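S.K.: Mind looking at a prediction? Sequence and model below.
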Amino acid sequence: MKKLIEYQDYRLYLKDLINEQKTLDKKYSLIYYSKKIKTSDSYLKQVINNKRGLNLDKAFSLAKVLGLSPSEKAYFITLIVENESSEPDLKRFFKNQLSEYSKSNIPYTKNQKMTAIFENNLLWEIFSIIGLENFRNDPLWIQTKLLFKSPLAEIQKAIDFLLKI
């Protein structure tokens with residue numbers, strides 16, 4: 001199987017990984033992984049078959065269940081957001097970010113505050129869009145750019161945390 005960083009589609013990665021795991025031990029089915037991330041039996045099947053998107057909460061849970069390293073998790077989550085994004089500027093930004101990850105083999109810091117970014121989907125998503133050319137430090141503007149909507153108070157709290165680090 002190819003390395004995660006060689007994939008351009010998270011669905012294909014999941015399909016290949018789960019099929020490989022299943023050949024080693026039949027218990028590693030889509031149902032097994034769906035239960036591990038506390039969702040319906042058909043959820044991952046629908047995701048892999050492009051019938052629905054993988055939301056960030058489930059993506060973070062799945063990354064943990066799959067045992068992805070922090071750097072692999074960063075790539076995996078970025079790949080999901082790039083695949084799911086419909087806004088051209090965000091899609092281009094995440095595609096560039098994936099390209100940079102590929103070139104540098106995904107830099108990762110041991111700084112605990114930075115690590116928190118990869119553990120919290122809202123922090124991660126805001127941190128990721130900071131690189132947009134037209135980025136504005138405005139919770140209302142940020143809220144319109146998020147793939148997974150959050151209340152303004154949570155967005156402001158996340159911005160405050162990011163500004164401290």
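M.R.: That came through, no problem. As the structure is a computational prediction, the values presented were derived from the model and not from experiment.

S.K.: Could you use CA atoms for every contact and neighbour count after this?
M.R.: OK.

S.K.: check contacts around R136.
M.R.: I142 (C-alpha atoms under 8 Å, 6 or more residues apart in numbering).

S.K.: one more time with 10 Å, if that's ok
M.R.: If a contact means C-alpha atoms under 10 Å, 6 or more residues apart in numbering, then R136 has 129-130, 142 as its contacts.

S.K.: Which of those residues are buried, as a ChimeraX select command?
M.R.: A single ChimeraX command is used to select the members of the contacts of R136 judged buried by 16 or more other C-alpha atoms under 10 Å:
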select :129,142
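
S.K.: If we ignore the residues flanking it in sequence, what's nearest the spatially most central residue of the chain?
M.R.: Closest to where the C-alpha atoms of the chain average out (C-alpha atoms, centre = their mean) is I77, at 1.6 Å. Using C-alpha to C-alpha, 6 or more residues apart in numbering and skipping the chain neighbours, the partner closest in space to I77 is A59 (6.8 Å).

S.K.: Tell me which helix or strand comes right after the strand or helix carrying that neighbour.
M.R.: Following DSSP states H and E, one finds A59 within helix 56-65. Sequence order places helix 70-84 as the next helix or strand after helix 56-65, per DSSP H and E.

S.K.: quick revisit: for the helix holding A59, list the C-alpha coordinates in PDB.
M.R.: Output in PDB follows, covering the C-alpha atoms of helix 56-65 (Å, rounded to 0.1, in the frame of the first residue of the first chain):
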ATOM      1  CA  LEU A  56     -14.000  16.700  11.100                       C
ATOM      2  CA  ASP A  57     -15.200  15.200  14.400                       C
ATOM      3  CA  LYS A  58     -15.300  11.800  12.800                       C
ATOM      4  CA  ALA A  59     -12.100  12.500  10.900                       C
ATOM      5  CA  PHE A  60     -10.200  13.300  14.100                       C
ATOM      6  CA  SER A  61     -11.700  10.100  15.800                       C
ATOM      7  CA  LEU A  62     -10.800   8.000  12.800                       C
ATOM      8  CA  ALA A  63      -7.200   9.300  12.700                       C
ATOM      9  CA  LYS A  64      -6.800   8.300  16.300                       C
ATOM     10  CA  VAL A  65      -8.400   4.800  15.700                       C
END
